[in-house]
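>>> Sharing a sequence plus its predicted fold:
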Amino acid sequence: MDVNSKYSLIFFVTVLIMIGMGAYYTHLTSIFGAEKYPVTIAVSKTPLSTPFYVAKSINAFDDTCVSVEYHDVVGGQIAFEKVIKGDVDFGTSSDSVIAFQSLTQHSFVTHAMFVQSDNDVKLITRNSDNIESVLDLKGKKIGVTKGTASEYLLSTLLAIEGLTMEDVEPYHYKPAQLIQGFVNKDVDAIVPWEPFVFQASQTVENDIKIHDTKSLSTLSFNLISQTADNVLVEKAACVIQGLHKAINYIASHPQESKKIVIEELGLDPEFVDWVWPDYIFKLGLNQSLILSIKSQAIWAVESQMRQFGEIMNSERFIDSRALLQVEPGAVNIPL
C-alpha cells in the first residue's frame, strides 16, 4: 500500500468514527436530553395522595417524560372540576366522585388507582346512647353528607339489616360540620370520613363509639383526565411511572413516607399513624373498581338523582393504555 492510499484509509476510518460518535451522541441526547412534557395535576390534600407527595420528595418524575406541577385542592370533587374545565391535565378523585360524575360528564377517564382503603368512612355513635348495632339506629337522627360515600355507606349498613333510609331521620351536613352536630347532640350518630373520624375521637374522647364497618365499603383514589388522545396517554404513562417509583419507596420506607406526608400537609403524626394501616398503596385497574363505580351510580340514581335516567357502562370511564405500558400485571379488566 502506497503512502497516499494509507493516508486515505486513515482519513476514511477517522470519518467513520466521527460519524459513529455523532450518532451515539444524538442517541444519548434523545434518551436523556429530550424535552419533557409540562403537566399540571390537581392533587387533593389528603394522606390518600401520599404517592404524589413522596414522588415530589424523591424526585420520582426526573427520569420520566414529564415535568410536573401540583395544584393543591381540598377534595376530589374540586380536582375533578379542574380537570373537566381544562385548568389542569390530571386530577386525583375517588371512585365515588367518578360514579356520581359519570351520570353527568362523559368526557373523562381514570388511568389508574393508586391507593385503596376499606375503612375510611365510619359510623360513630355515643357510648351513653347504647347503640350496639345498626338495628338500633331505627328512628334515630343520623348526620351524613348528602350524595357522597357517607350517605352511601349508611344506605349499605341499613340494607344489610333489612332497613332503608326511611327507617331513620337523615340530617345533611357539610363534612366539617358533622362533628359539631354530633357534639351538640343534634343527631344520634354521624357517618364521616377521615380526617373527621379522627377529629371526632379527639373531641369526644370518653363518649364515642366507632362501629366496625371495615370492608363494607372500599374507597379508591384515582388518576383521572379528560378523555385521552395518544399524547395524553403518553403523559399519563410517565406520571404513572413516577407514582410506581413512589409506591415502591412507600413500601420499603414507610416511616420516611409518613414524615413526608406529615410535613407536606401539616398533619398530627397521631392521625397519620391512625389511618396508615387502612391504606393499600398499589397501582391497579380491576373489576372491583368497575363494580364500585356501577353500584354507586345505581344508588345515586335510585336514591338521590332521579333526574338522571341512564347509567353509562362503567368500562367507558377506564383507560388502561397508560398503566399497561408501566405495569401490565396491574390491569385485570377485559380489554
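Received, thanks.
>>> tally of neighbours for the closest residue to His71 other than its chain neighbours?
Nearest non-adjacent residue to His71, counting by CB to CB, 6 or more residues apart in numbering: Ala42, 4.7 Å away. Bear in mind the C-beta positions are built from the backbone N, C-alpha and C, glycine included. Other residues near Ala42 come to 23 when the count uses other CB atoms under 10 Å.
>>> start the count at 33, not 1, going forward
All right, first residue 33 from here; so that's Ala74.
>>> doesn't Ala74 fall inside a strand?
Yes: counting by DSSP: H, G, I helix; E, B strand; the rest coil, Ala74 is found in a strand.
>>> what's it in contact with, if anything?
By CB atoms under 8 Å, 6 or more residues apart in numbering, the contact set of Ala74 is 103, 105, 110-111, 114-115, 119-120, 122-124.
>>> What's opposite it in the beta bridge?
Beta bridges link Ala74 to His103, Gly123 when assigned by DSSP bridges.
>>> Secondary structure element holding the residue nearest the centre of the chain?
For the chain, Phe253 is the residue whose C-alpha lies nearest the centre (CA atoms, centre = their mean; 1.8 Å). Take DSSP states H and E as the rule and Phe253 turns out to sit in strand 251-258.
>>> which secondary structure elements does whichever helix or strand comes after that strand contact?
Under the assignment DSSP H and E, the closest C-terminal helix or strand after strand 251-258 is helix 262-284. Under the contact definition 3 or more CB pairs under 8 Å, 6 or more residues apart in numbering; DSSP states H and E, helix 262-284 sits against strand 69-76, helix 82-89, strand 98-105, strand 122-126, strand 140-149, strand 251-258, helix 286-297, helix 353-358.
>>> Same list, those, but as TSV with mean pLDDT and distance to Asp305 please.
As requested, the helices and strands packed on helix 262-284 are exported to TSV (pLDDT from 0 to 100; distance: least, CB to CB, whole Å):
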stretch	mean pLDDT	distance to Asp305
strand 69-76	96	21
helix 82-89	98	13
strand 98-105	96	23
strand 122-126	95	22
strand 140-149	96	15
strand 251-258	96	19
helix 286-297	96	8
helix 353-358	97	30
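>>> I'd like to know which of these is closest to Leu323.
strand 251-258 (11.5 Å; CB to CB).
>>> Show the low-confidence segments of the protein, by residue range.
33-66, 336-342, 367 (pLDDT under 70).
>>> and it, what are its domains?
Domain segmentation of the chain under automatic domain parsing yields 70-149+251-364, 156-242.
>>> Identify, out of those, the most deeply packed stretch.
domain 70-149+251-364 (a mean of 19; mean count of other CB atoms under 10 Å).
>>> end to end, how far does that one reach?
Start and end residues of domain 70-149+251-364 are separated by 30 Å (CA to CA, to the nearest Å).
>>> Against Leu315, how distant is the residue nearest to His103?
In this view, Ala74 and Leu315 are 19 Å apart by CB to CB, to the nearest Å.
>>> now swap in Leu299 and tell me
Per CB to CB, Leu299 is found 24 Å from Leu315.
>>> Lys217 too?
44 Å.
>>> repeat for Lys172
41 Å.
>>> One more: Ala208?
Using CB to CB, Ala208 is found at 31 Å from Leu315.
>>> again with Lys114
Distance, Lys114 to Leu315, using CB to CB: 23 Å.
>>> Same check on Gln109?
23 Å.
>>> What are the neighbouring residues in contact with Ser127?
To be clear, residue 127 is Asp; Ser isn't right here. Going by CB under 8 Å, 6+ apart, Asp127 touches 145, 251-252, 254, 321, 324-325, 328.
>>> And for Thr82?
Shown in contact with Thr82 (CB under 8 Å, 6+ apart): 147, 282, 289, 292-293, 311, 313.
>>> ok, those vs Lys88, which is closest?
Among the contacts of Thr82, Ile292 lies closest to Lys88 (CB to CB), at 8.5 Å.
>>> quick one: the closest one and Phe84 touch, right?
No: contact criterion CB atoms under 8 Å: Ile292 and Phe84 do not qualify, at 10.3 Å.
>>> ok so, going back, output the strand holding Phe253 as PDB, nothing but the C-alphas.
Below are the C-alpha coordinates for strand 251-258, written out as PDB (Å, rounded to 0.1, in the frame of the first residue of the first chain):
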ATOM      1  CA  LEU A 251     -62.700   3.800  48.700                       C
ATOM      2  CA  SER A 252     -60.100   4.200  46.000                       C
ATOM      3  CA  PHE A 253     -58.200   7.300  44.700                       C
ATOM      4  CA  ASN A 254     -57.600   7.500  41.000                       C
ATOM      5  CA  LEU A 255     -55.600   9.400  38.400                       C
ATOM      6  CA  ILE A 256     -58.100  11.000  36.100                       C
ATOM      7  CA  SER A 257     -58.100  13.200  33.000                       C
ATOM      8  CA  GLN A 258     -60.300  14.200  30.200                       C
END
